[in-house]
Each structure stands twice: as C-alpha cells, then as structure tokens.
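**Student:** please find the sequence and the predicted model below.
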Amino acid sequence: MTERDWRIFREDYNITIKGGRIPDPIRSWKESTIPPEILEIIDKVGYKDPTPIQRQAITIGLQNRDIIGVAETGSGKTLAFLIPLLMWIQSLPKIERMEDADQGPYAIILAPTRELAQQIEEETIKIGGPLGIRTVVVVGGLSREEQGFRLRLGCEIVIATPGRLIDVLENRYLVLSQCTYIVLDEADRMIDMGFEPDVQKILEYMPVTNLKPDNEDAEDEVKLLANYNSKKKYRQTVMFTATMPPAVERLARTYLRRPAVVYIGSIGKPVERTEQIVFIIAEQDKRRKLMELLSRGVEPPVIIFVNQKKGADVLARGLEKLGFNACTLHGGKGQEQREFALASLKNGTKDILVATDVAGRGIDIKDVSMVINYDMAKTIEDYTHRIGRTGRAGKNGVAVSFCTKEDSGLFYDLKQLMMSSPVSTCPPELMNHPEAQHKPGTAMVTKKRQEKIYA
Ligand SMILES: Nc1ncnc2c1ncn2[C@@H]1O[C@H](COP(=O)(O)OP(=O)(O)OP(=O)(O)O)[C@@H](O)[C@H]1O
C-alpha cells in the first residue's frame, strides 16, 4: 500500500491522526502483528474485523506511544487499549510475573463509573482470561476488604474508579511500583464528575522512573528502548474521550508525552447512525407524549433518561402500572440493584431502563433501539453521551428528546447537531426558535454592542 492508499484507507474508516510518525493502521486481524493465541480468542468472541479506533490505536499502542483517542461511545475503545497491553504482559516470562506479584499490577485502567469499570472488566476477562492474565476491579459499593484480599493475591491488571483506587493505595492494599501502563477511559466524564484531583493523585503514585523523556524519543520506541531496560519499558499513558473540553486537554498536556492523537468520526457529535427527534413541549405534556411513543410498540431495550433520581422511580412505577416492564439505574440505588437492573435489561427480562446520567456514559447495553430524553440533558456533551447509548457497534438508533422552554439554553447547539446529522431533521419549532439563533450569552453581547454602536 502506498502513502496515498493508506490515506484513502483512513478516510474510508473516518480515521484522522495527529502527532507525527503514526504507524499504518490494521487492515485485517490476520495481517496484524497480534500473536496467534490472541487472534484465536478474538475470532472465538466473534470480532470479525477491527473497529476503526482499534485499527489505528492498536498499532500505535504497540509502539509504546502515548495516545489520545477521541471516539464515540460504543466504538470498541476497550479492545483498542487492551490488545497492546495484553501483548506486553504476554512478553514477560511467566515466572517473572509470579515473582513480581507483590510489586503490583502492570496496568491500571481508570473509568468514571463502576458500571463502566465492570463493563471493561467483562471485555478484559473475555480476551485476557484465556491467557491466564488476572484482573481485579476496584470500585466503590463493593467490599474494600474483599477487593484488598484479591489485590494481595496478585494480578496483572487493575480496573478502577478513581475514588476507591486512592483508598486502596493509601491503605497500602496496592502498590504501583511496576505499573507501566495507565488508561484513562471516558476522561471527559471523569473530569465532569470532579475526579481531576483524584486522577492527578493516582498518577503521582506511578513510579517516576518510567516517565518518558519529553523529547523526540517519546515518539520513537526503538530509540526509546535503546537507552532503557526493555523489561520495564517506559510508562505508556492512553486517554480515551468522546469530547475534548479544555480540562481534558490540560490533563493530556500534563501527563502524556508527545501523544499520537486518533480522531474517529466527527468529534463530539452524536453517532452518525442515530436519528435525533426533538419535541418542544410543556412539562405537563411529557407523560402523554411518552405514552404515545411507547404505545406504537418500540423494539426493546429502550433507555429513558430523567434528571432526578426521584423522577426515575416515579416514572418507572407509572410505566409498570401501565403494563410496561421497567427498571431504574441511578446514584441512589445500591450496587446489587444497579447490577440487577443492567443484567435484567441485557437478558431481556426488562424492556425499559429509566436512568439518570450515571448510566449515560460508557454503559454498553446491546442493541438499544431507542434513547428517550424525558428530561433534556443539562449540557450538549451529556446529550451527546446519552444518545451514544444507541446506534452502537455499527447498528442504527433513534434518540427522542422532550424539550421545554427551560432547556432553551441548549437550543442553539442542539440545532447545529441536528443539522449536521445526515439522518435527522431539525423541526421548524427548533429551527426558528429565537434561542436557537445564537450561542447562549452572545445575544447580550451583540445587543450591548449594537446599543453602543447606535447610541
Ligand atoms: N472489533 C469488534 N467487532 C465487533 N464488536 C466489537 C468489536 N470490538 C468491540 N466490540 C463490541 O462492541 C461493544 C462496544 O465496545 P466497547 O465497550 O469497547 O465500546 P466503547 O464504549 O467505545 O468503550 P468504553 O465502554 O470503554 O467507553 C462491546 O459490546 C464489544 O463487545
């Protein structure tokens, strides 16, 4: 393949790269340098082809290069960071792995919510389990002692939410003295949820000895390894996010060394495959509108987002009374109830999940046919992530949003998103709404400026 061929290949898969010296992407699993025992597992789990983010992020990851991956939720990010990690661990002699067990894991994967951490664990066990690679999940809501005990038994990979990981580090249940691989998944969500200080604290626990030099070497593995003990390799930091607000850029600048940047699809915009439908209605008309929608017979599972925990319980009970089978997922639920809700949706015993934003990110419930924003998200980023729960892994999806005049602060961005979506039609009441004609806050400026000019 010539340079031009690779450029066309990347365009076909909507892959945009930045950062210099980016290796060619993967054309097919068997053409990659992934070892046969891992390819066999990938084949067994039925992943016929790599997803776009996997095609490019895996070859970069195999060069021990720091990466920023910007991709929609549901695009296969877990495998994109997992495969280079599993190959690195596999390269270490087994006996060494056992002897070093008390040195802690080789990798930590940080996620904003316990559900996402458990979902990444599922994927990690699916691929790493058959290789004898041990994973421990460290999240709130489960017993600290039990997690501490499992950590003491030794493992290669820890998947954690920031708060509980700091807890086990401070209580010395865990050390990171041989940790050379750190993944920040849904980094924007972690920042949104106020975890930036926790993430910084965790990164301070990492051994400084494996920090990459902040120079050209950071981009070139051969040069990098030439002057370093290749057993431990330099630290590799991988950050995945679905949007790139300034706080995420700041985190990347602080902790990543000359990262390669991989953008998949259009940044921060909902999945191209999701049809967005918007109704601007009064609060009191929402229930009727919802019934109209559901009575047309919607293919389960459906996720309905509300903004308050109480609203979720009230709505779910109302739906149950009308013969729908609904469950809820929000911060007020205990861990078992949360896992039960997700499991019942996945195994089909429940058709509708009524959730608050805690379920908005990273939760991979298969084939969600429709997302309904019963209460509109508070920010356009949250809206993007809520509707990212449908239209995943290549399938089409529908997102229906009930907006009231209180949501007018989003109308401008919402209108832009809908107009840029090839499968959505912006309704005239949104297209022509006065609040949709300018970015929030700019109207005052233009008004003041006009008064000044014409004063
Ligand atoms: N190459 C592939 N081919 C088919 N399906 C895949 C492939 N890679 C992953 N999947 C499936 O696609 C779904 C989404 O994967 P994943 O959870 O990694 O997406 P993500 O949302 O981008 O990652 P994260 O959950 O870390 O945000 C999962 O059910 C996974 O099993």
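**Tutor:** Structure received. Residues are numbered from 1 along each chain as shown.

**Student:** make it CA atoms for all contacts and neighbour counts henceforth
**Tutor:** Fine.

**Student:** name the SS class of Glu146, please.
**Tutor:** Assigned with DSSP: H, G, I helix; E, B strand; the rest coil, Glu146 falls in the helix class.

**Student:** and the helices in the stretch 1-150 of the chain?
**Tutor:** 3-12, 36-44, 52-61, 77-90, 94-99, 114-128, 144-152 (DSSP state H, counting those that start in this stretch).

**Student:** can you redo the ones you listed as CSV with distance to the ligand and mean pLDDT?
**Tutor:** CSV is the format used below for these (distance: least, Cα to the nearest ligand atom, whole Å; pLDDT from 0 to 100):
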stretch, distance to the ligand, mean pLDDT
helix 3-12, 16, 82
helix 36-44, 8, 96
helix 52-61, 7, 95
helix 77-90, 4, 92
helix 94-99, 26, 62
helix 114-128, 6, 93
helix 144-152, 22, 87
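
**Student:** for Arg287, find the nearest of those helices.
**Tutor:** helix 114-128 (28.5 Å; Cα to Cα).

**Student:** got the contact list for Lys136?
**Tutor:** Rather than Lys, residue 136 is Val. Glu121, Gln147, Arg150, Leu151, Cys155, Ile157, Val158, Ile159 (Cα atoms under 8 Å, 6 or more residues apart in numbering).

**Student:** could I get the helices of the stretch 1-150 of the chain as CSV with mean neighbour count?
**Tutor:** Listed next are the helices of the stretch 1-150 of the chain as CSV, based on neighbours: other Cα atoms under 10 Å:
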stretch, mean neighbour count
helix 3-12, 13
helix 36-44, 14
helix 52-61, 26
helix 77-90, 22
helix 94-99, 12
helix 114-128, 21
helix 144-152, 16
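
**Student:** what would those helices look like in CSV with distance to Lys212?
**Tutor:** Formatted as CSV, the helices of the stretch 1-150 of the chain follow (distance: least, Cα to Cα, whole Å):
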stretch, distance to Lys212
helix 3-12, 28
helix 36-44, 28
helix 52-61, 15
helix 77-90, 17
helix 94-99, 23
helix 114-128, 26
helix 144-152, 27
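
**Student:** to Ser421, which of these lies closest?
**Tutor:** helix 3-12 (18.2 Å).

**Student:** got the contact list for the closest one?
**Tutor:** Against helix 3-12 from outside (Cα under 8 Å, 6+ apart): Thr16, Asp24, Pro25.

**Student:** quick one, strands of the stretch 151-300 of the chain?
**Tutor:** Counting by DSSP state E, counting those that start in this stretch, one finds strands in the stretch 151-300 of the chain at the ranges 157-160, 181-184, 236-241, 260-264, 274-280.

**Student:** for the chain, which helix or strand comes out least confident on mean pLDDT?
**Tutor:** Of all helical and strand segments in the chain, the minimum by mean pLDDT, DSSP states H and E falls on helix 442-454, at a mean of 49.

**Student:** give me the most central residue, this structure.
**Tutor:** Glu186 (3.9 Å; Cα atoms, centre = their mean).

**Student:** so how far is the ligand from it?
**Tutor:** Using Cα to the nearest ligand atom, to the nearest Å, Glu186 is found at 6 Å from the ligand.

**Student:** wouldn't Phe411 be in contact with Asn432 here?
**Tutor:** No. Using Cα atoms under 8 Å, Phe411 makes no contact with Asn432, being 10.1 Å away.

**Student:** so which of the strands of the stretch 151-300 of the chain is nearest the ligand?
**Tutor:** Checking those against the ligand by Cα to the nearest ligand atom gives strand 236-241 as the closest, at 7.9 Å.

**Student:** against which helices or strands is the closest one packed?
**Tutor:** strand 67-70, strand 181-184, helix 187-192 (3 or more Cα pairs under 8 Å, 6 or more residues apart in numbering; DSSP states H and E).

**Student:** weakest of those in terms of mean pLDDT?
**Tutor:** Mean pLDDT is lowest for helix 187-192 among these, at a mean of 88.

**Student:** buried set for stretch 278-295?
**Tutor:** Val278, Phe279, Ile280, Lys286, Leu290 (16 or more other Cα atoms under 10 Å).

**Student:** if we can go back for a sec, the helices and strands packed on strand 236-241 into a markdown table, with extra columns for mean neighbour count?
**Tutor:** Formatted as a markdown table, those follow (neighbours: other Cα under 10 Å):
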| stretch | mean neighbour count |
| --- | --- |
| strand 67-70 | 26 |
| strand 181-184 | 23 |
| helix 187-192 | 22 |
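
**Student:** my guess is Glu435 contacts Glu406, does it?
**Tutor:** No. Using Cα under 8 Å, Glu435 is not in contact with Glu406; the gap is 11.0 Å.

**Student:** so for those two, which residue has more residues nearby?
**Tutor:** Each of Glu435 and Glu406 has its neighbours counted (other Cα atoms under 10 Å); Glu435 has more, 18 against 10.

**Student:** let's see the pLDDT reported for that one.
**Tutor:** Confidence for Glu435, expressed as pLDDT, is 91.

**Student:** and the gap between it and Leu414?
**Tutor:** 11 Å (Cα to Cα, to the nearest Å).

**Student:** spell out which parts of this protein neighbour the ligand.
**Tutor:** The chain comes close to the ligand at residues 47-51, 73-79, 185, 362, 364, 393, as judged by Cα under 6 Å from any ligand atom.

**Student:** what about Gly318, how many residues nearby?
**Tutor:** 14.

**Student:** part of a helix, is it?
**Tutor:** Yes. According to three-state DSSP, Gly318 belongs to a helix.

**Student:** so can I have TSV of the buried residues of stretch 278-295 showing pLDDT?
**Tutor:** Formatted as TSV, the buried residues of stretch 278-295 follow (pLDDT from 0 to 100):
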residue	pLDDT
Val278	96
Phe279	96
Ile280	96
Lys286	96
Leu290	96
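
**Student:** would you mind giving the contacts of Val136 as TSV with distance to Phe305 added?
**Tutor:** Shown next, in TSV, are the contacts of Val136 (distance: Cα to Cα, whole Å):
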residue	distance to Phe305
Glu121	25
Gln147	32
Arg150	35
Leu151	36
Cys155	37
Ile157	33
Val158	31
Ile159	27
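
**Student:** let me know the closest of those to Glu299.
**Tutor:** For those, the nearest to Glu299 is Glu121 (28.2 Å; Cα to Cα).

**Student:** contact partners for the closest one?
**Tutor:** Glu121 touches Thr135, Val136, Val137, Ile159, counting by Cα under 8 Å, 6+ apart.

**Student:** among the residues you listed, who's most crowded?
**Tutor:** Ile159 (26 neighbours).

**Student:** which ones are touching it?
**Tutor:** Contacts of Ile159 (Cα under 8 Å, 6+ apart): Ile108, Ile109, Leu110, Ala111, Ala117, Ile120, Glu121, Thr135, Val136, Val137, Val138.
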